[in-house]
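Undergrad: give me the fold of what follows.
(chains A, B and C)
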Amino acid sequence: MSQLEIKALHVNLAEREIVKGITLTVKPGEVHAIMGPNGTGKSTLAKAIAGHPDYTITSGEVLLDGRSLLEMEPDERARAGLFLAFQYPNEVPGVTIANFLRAAMQARLAEGEELDATGYYKQLYAKMDSLKIDHKFTSRSVNTGFSGGEKKRCEILQMAMLAPKFALMDETDSGLDIDALRIVSDGVNTLRSSTLGILLITHYQRLLNYIVPDFVHVMYDGRIVRSGDKDLALELEAKGYSWVKKEIVHA
Amino acid sequence: MSSLSDTELIPTPPPSENSANSVAGIDQALGDFSYDVKYALDAGTGLTEKTVDYISAVKKEAPWLREFRMNALKAFFAKPLPTHWATRDLENINFDKIRYYLASGQKPKRTWDEVPEDIKRTFERLGVPEQERKYLAGVEAQFDSEAAYSNIREVVSKQGVIFLNSTAALREHPDIFRKWFGKVIPTGDNKFSALNSAVFSGGSFIYVPPGVKVSHPLQAYFRINAENFGQFERTLIICDEGSEVTYMEGCTAPKFSTSTLHSAVVELVALKGAKIQYITVQNWAPNVYNLVTKRGLALEEAVIKWIDCNIGSHLTMKYPGAVLKGRKARGEVLSIALANDGQHQDTGAKMVHAADETTSNIIAKSISVGQGRSTYRGLVHIPRHLRGCRSNTECDALLINTNSRTDTYPAITVRGDLNSVQHEASVSKVSEEMIFYMQSRGLTEGQAMSLAVNGFVNDLVRQFPMEYSVELKRLIDLEMEGSVG
Amino acid sequence: MSSLPASNSPSTGSFTQDVFVRSLASLSHLPGWWLDLKNKAWNEYQALPMPRRTDELWRNASIQNLRLDGFVLPERAGPLLLPGSSPAFKAAAGLAFANNRLQATTPLPPDLKRKGVIFETIEHAAVEHGELLRRHFLAQPVKLGSEKFTALHTALMTAGALLYVPPGVELAEPIVITHVVEGPGAAIFPHTLVIAGENAKVTVAEFFLSADPAAGNFSSGVNDLHAEPGSQLTYLSAQNWGRGSLSFQTNSTVVQRDARVLSLNVHLGGRQSRHESHSRLQGPGAHSEMLALTVAQDAQEFDQRTLQSHLAPHTSSNLLYKNALLDTAKTIFSGLIIVDPDAQKTDAYQSNRNLLLSSEAEANSLPGLEIQANDVRCTHGATSGHIDDEQMFYLEARGIPRQTAKELLVFGFLEEVLEKLENEELHSALREMIKNKFKR
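TA: Predicted structure coming up:
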């Protein structure tokens, strides 16, 4: 059965342990939100699962449909169905969005198979229409000179085109004003389906007003300290992160 | 119009001692051509007055031209190699072992089976047509495309454009061409311009009458004119007042040379308000020394634009330039260089401002792969008493592997407080974060690297005509293969 | 000493065998290794050719004006030699030389002496601290074109200073060294060697002056800076030679692991002045800040050649050379960044800014890069321009006279470099020297 399983995962960055044993399973159709104060290892978790070379997994396991991701290169993980929406998407000067996505789609085809250009553009424009993105966008270099909102919309467009099984969305709301937040959230909601699992990482509750999660996990100092449904997010918003800290101390 | 061939006369060739091309330190197998000795049209190897006499006689040249060649030969012998600033690799050229003239009846012979596998593979990957592959590989003597050539010539000749090879042009239109021949680049400009002036053959001479705007780019590669790919071609383009022309030279497919030395001279003259755009794609085989002098003269409000792309050769030294002699003249150089293992791309630009309000712009991008070395040399000169001159240079180098190398050596002289010059250069590598980002979208590291490199040169490649830019991108992909992982 | 032999060869000029022999004879009290060094240097000087037109290291320079005729090793200078432009500020200690001889001393305070700080004349050091001197004296030679003049320096040098700051010792106030030259055609050879021990911190300021602002003197100086791991060394030099002078100054800076060197050279005087500076970044974390300011007037020529050698990974350097040019003055900046194959993660910057203030001034820029490692950030920039008309108008619109406005804007241009000096007093001393130049 299709699912993303994170088992007792420990992650180091530059010899320092950041993620200290996380276990979590995301099933298709589910939206899990991970919340927590800055520096608790939320982004580290996302990047480590996607295979960023700076992070070392010291123990634990990540399985996608029962296959271990950890031995795979980042691109193999992506082709296996994983998608990381970056907190700070990189600029790729000189490479247009159209060409970039085309290369990414081509990479998913079997050797010798050519991407049908007409079909590709048809699909691209359709996705752009559904996400209310101007067609002119395709001829701009990936993320180069984009505003914060444009970068995030570009991420959502890529997600729509590459149709992953599981999406890790790293601080998707950062750098967005309220209008941009609404547009990006609408995009994510459009993509929600019974076949897509989403792990949503956020510092603020406000994103969860727009993307309503099925599960909420609170992360603190490299661990998940509480799990619950969407009401947990509201409780957290009301009481603040200091409440979590106190809970930890008492525990 | 005269025939492209200029082999009617058959004089006695000077004695030839050695018919093999040989350059120390370079893979000899690549240049391993054999010659059919029964052809009498052979200038032999080595360079003496006799060689020059022979070439001049074959071409039935006027006495002034023969004298021009002889003076050039003296200058060539007198000048030292420029190793006080250039690479000492030049010392590996053995001038005595080089064949300075091959008449068109006499071409190297070898069979398709003898062509190295990697070259065949490259042809395949680039989708070079079968017939052209054989020509490029040196298997076939000539690629017959006279039809295509006459077609273009017919179209432009209706507009009064003269488009001939050097021999025919100097014979048939000395009134037009002699005035500027050797004036933009004097014989003694450098050792290799002197060499070319002594033994030149082939190339294109073009005259565009006042006000004529040639709509199609004129091309001078094998599809049109076999001799244009000669070792010592000579090109002179004169654009009369208010006229415009684009000229393209070379092609992206790797070219097998019959010699390890290629030394061309290209002179451009843009009269008042004229505009010349000269596009080069150089992909010589990796055993070739490519030492080329290119310069344009721009009169009032004229524009000289060089688009120069160097991918092949063992060593290329080439600094296209412009002398901005009329008010508001403009010079531009856009340059792309890709240096792979065993290659040194020593390229750049020269801009001499010689009138008020002249402007120049240089954008140079280089990529060094493996142990490749790319060098940028630039010269910007604004002498005193000028006003309102502006010059801008940007050069960016991308290093792919840990042992790749790049150098930048600009030289800028500005006099007076009424002009301004800017130069900026940077060296970087493809950032790991960018590669990770692309990998996280499912591209392999190699694909991500190729995409990043294409992105790096994209704004320049876009300025090439469509067919070139597509081929260029494919070529860069090919060159990048195996550079990571 | 005043009349010159007629048989001067063009390559030795006034500095004949006879001059050398007499100079050496006066040094018989010094150790043998020191005298051997001088003999060797003299032979080198004679053997080396004068710079030639085809020398890349002398590109754009007026080599025809490099004649070595008409100079003398001067007699002892007069008793009162304190030019008006001499800086006044608090110093930890000082040595003042005139005409190749020690003239005045401000000794080190006792606490610094106790901590092991050594600040001596170079000749004294040759006797007292032979080992230390031997280890560092011209140990990392500069090869940027002036080797002949450096050899001459070594052969004839008698005045100089050695400063050694032991590990962990920090000096709050600067060490000041002054070299003055007096008399027509007088030639001097200043030498400074600074060694900052591990984690030491010191500032050294050097001033080079002609007694007569119009004099035609000769100087060939050397300053070698050595920063041991973790140390912080600030070096400042300002030259205001007489307007007819010919001068050479070579600097070698060695920066070890995590050490930081800032050097600022101010060039004001002389007819033709050449400065060569070579920073070697030898250990991870080493940083070199190379700064220079030049105000070129009349027909002055300032020729500056630099080299930033990155020899270890994770090293950084930042060069900023600014030239303001008036009248028919000429400047040359030729700089090179070399990154060794092993020096990954190098971060190097090089920038030359020329402000042209007259229609006849000439600025030459030759910024270069030679990069053999790929994981680096190296950039250079060169600009040559004029005062921005809009800025000028803005100042004039506020009622500032044109000349004042121009000076203000030129100072603004130079200030970017000056403000990198943390020492307020040094900063204002330099600003004063530059102002004086404009007043002329």
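
Undergrad: could you find the closest non-adjacent residue to the residue of the stretch 101-250 of chain A found nearest chain B?
TA: The minimum distance from the stretch 101-250 of chain A to chain B, using CB to the nearest CB, falls at residue A:104 (4.4 Å). The C-beta positions use only the backbone N, C-alpha and C, and glycine is treated the same way. Nearest residue to residue A:104 in three dimensions, chain neighbours excluded: residue B:441, at 4.4 Å (CB to CB, 6 or more residues apart in numbering or on different chains).

Undergrad: so that neighbour makes contact with residue A:78?
TA: Yes - using CB atoms under 8 Å, residue B:441 is in contact with residue A:78, at 5.7 Å.

Undergrad: what touches both of these two?
TA: Counting by CB atoms under 8 Å, 6 or more residues apart in numbering or on different chains, the shared contacts of residue B:441 and residue A:78 are residue A:162.

Undergrad: ok, now which ones touch the residue nearest to residue A:104?
TA: By CB under 8 Å, 6+ apart, the contact set of residue B:441 is A:75, A:78, A:83, A:100, A:104, A:158, A:162.

Undergrad: what's the spacing between residue C:24 and chain A?
TA: As judged by CB to the nearest CB, to the nearest Å, residue C:24 and chain A stand 59 Å apart.

Undergrad: which residue is the nearest non-sequential neighbour of that residue?
TA: Counting by CB to CB, 6+ apart, the nearest residue to residue C:24 once its immediate chain neighbours are dropped is residue C:38, at 6.2 Å.

Undergrad: residues of the stretch 301-450 of chain B that sit close to chain C?
TA: B:384-385, B:397, B:399-429 (CB under 8 Å from any CB of the partner chain).

Undergrad: try 7 Å
TA: Listed as neighbours of chain C in the stretch 301-450 of chain B under the rule CB under 7 Å from any CB of the partner chain: B:384-385, B:399-418, B:420-429.

Undergrad: ranges for the helices of chain C?
TA: C:17-25, C:32-47, C:110-114, C:122-128, C:130-136, C:147-156, C:389-397, C:402-418, C:424-439 (DSSP state H).

Undergrad: wait, residue A:22 touches residue A:10, no?
TA: No - checked against CB atoms under 7 Å, the pair residue A:22 and residue A:10 is beyond contact range at 8.3 Å.

Undergrad: compare the two (neighbour count), which wins?
TA: Shown here are residue A:22 and residue A:10; by other CB atoms under 10 Å in any protein chain shown, residue A:22 has more neighbours (24 against 17).

Undergrad: the more buried one belongs to a strand?
TA: Yes - Residue A:22: assigned to a strand according to DSSP: H, G, I helix; E, B strand; the rest coil.

Undergrad: what residue, apart from its backbone neighbours, is nearest it spatially?
TA: That would be residue A:9: by CB to CB, 6+ apart, it lies 4.7 Å from residue A:22.

Undergrad: what sits against residue B:479?
TA: B:311, B:338, B:340, B:369 (CB atoms under 7 Å, 6 or more residues apart in numbering or on different chains).

Undergrad: let's see that with 10 Å instead.
TA: Remark: with contacts taken as CB atoms under 10 Å, 6 or more residues apart in numbering or on different chains, residue B:479 is in contact with B:122, B:283, B:311-312, B:338-340, B:343, B:367, B:369-370, B:372, B:400, B:450, B:453.

Undergrad: buried stuff in the helix or strand harbouring it?
TA: Assigned by DSSP states H and E, residue B:479 belongs to helix B:466-480. Within helix B:466-480, the residues scored as buried using 16 or more other CB atoms under 10 Å in any protein chain shown are B:468-469, B:471-473, B:475-480.

Undergrad: coming back round to it: closest to residue B:363 among the contacts of residue B:441?
TA: residue A:100 (23.4 Å; CB to CB).

Undergrad: so what sits opposite the residue lying closest to the closest one once chain neighbours are set aside in the bridge?
TA: Excluding its sequence neighbours, the residue lying closest to residue A:100 (CB to CB, 6+ apart) is residue A:142, at 5.0 Å. Taking DSSP bridges as the rule, residue A:142 bridges to residue A:92.

Undergrad: could you measure from residue A:142 over to chain C?
TA: Distance from residue A:142 to chain C, by CB to the nearest CB: 22 Å.

Undergrad: OK, contacts around that residue?
TA: A:89-101, A:151, A:154, A:158, B:434, B:437-438, B:441, B:451, B:455.

Undergrad: filter those to the buried ones?
TA: Buried members of the contacts of residue A:142, scored by 16+ other CB under 10 Å, are A:89-92, A:94-101, A:151, A:154, A:158, B:434, B:437-438, B:441, B:451, B:455.

Undergrad: tell me which of the contacts of residue B:441 fall in helices.
TA: A:75, A:78, A:100, A:104, A:158, A:162.

Undergrad: quick check: phi and psi on the nearest residue to residue C:14 once chain neighbours are set aside?
TA: In space, and not counting its chain neighbours, residue C:14 is closest to residue C:71: 4.4 Å by CB to CB, 6+ apart. Note on residue C:71: its backbone torsions stand at phi -110, psi 150 [degrees, to the nearest 10].
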